[in-house]
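> Here is my input, please return the structure:
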Amino acid sequence: MNKEPSIQTLLQDSDKAFEKLYTSYKSDFLAFGKTFSLKEEDLIDIYQEAFLSFYENLLSGKITHFTSSIKTYIFSIGKFKIYEHLRNISKLKIIDEPINSEITLQDLNLDTEVLSEREQFVKSNFKKLGKQCQLILELFYLKGKTLKDIKIIENYDNTDVVKSQKSRCLRKLKQLVKK
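Next comes the predicted model:
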């Protein structure tokens, strides 16, 4: 499309003008979106959402003039929607269940087993954690308690607090082990 329509044209002759804009930028947006390694059907959905946001912004009066081309405006909306989509699909799923509930504390008695050098290193760094961190990690990973169980046992306000504390403790242990 060589010349983009004005805001007035879009508002007055909206169906034809929007349809023409939609079709003329779609293939360019799909090519742009493929650089993010997304499936074409996801990119089509994202493009439609971006175009719909553009349309709603125009009709609601949020857009009174353009400081860039319409194409750039739509692609900017689309780029943020791609980032949002990528964040949503890459979020880690937090598991509220122990990894292996069949393992008991007796099975993992670190004092009586012969530990590898790496296991000894992890054990010594585990002891550097505060008592509360040690307790939460032991309850969850060694005793197989759920976050709800730990909330009740340790008198926390809610499971989100336990989840956050467990996450911080595990991250701290990982940092200690990396050193």
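> can you count the residues close to T146?
17 (other CB atoms under 10 Å). Heads up, the C-betas are built off the backbone N, CA and C, glycines and all.
> ok, I44 to F18 distance?
17 Å (CB to CB, to the nearest Å).
> same question, H85
23 Å.
> C-terminal to the lowest-mean-pLDDT helix or strand in the chain, what's the next element?
Every helix and strand in the chain was compared by mean pLDDT, DSSP states H and E; the lowest is helix 7-12, with a mean of 79. Next helix or strand after helix 7-12 toward the C-terminus (DSSP states H and E): helix 14-33.
> Can you list the neighbours in contact with that next one?
1, 4-5, 9-10, 40, 43-44, 46-47, 50-51, 55, 70-71, 74-75, 78, 82 (CB atoms under 8 Å, 6 or more residues apart in numbering).
> Can you tell me which of these end up in helices?
Among the contacts of helix 14-33, the residues falling in helices (DSSP state H) are 9-10, 40, 43-44, 46-47, 50-51, 55, 70-71, 74-75, 78, 82.
> okay, now L38: neighbour count?
Neighbours of L38 (other CB under 10 Å): 18.
> ugh, wrong one, Y73
Residues near Y73, counting by other CB under 10 Å, number 19.
> repeat for F51
Neighbours of F51 (other CB under 10 Å): 19.
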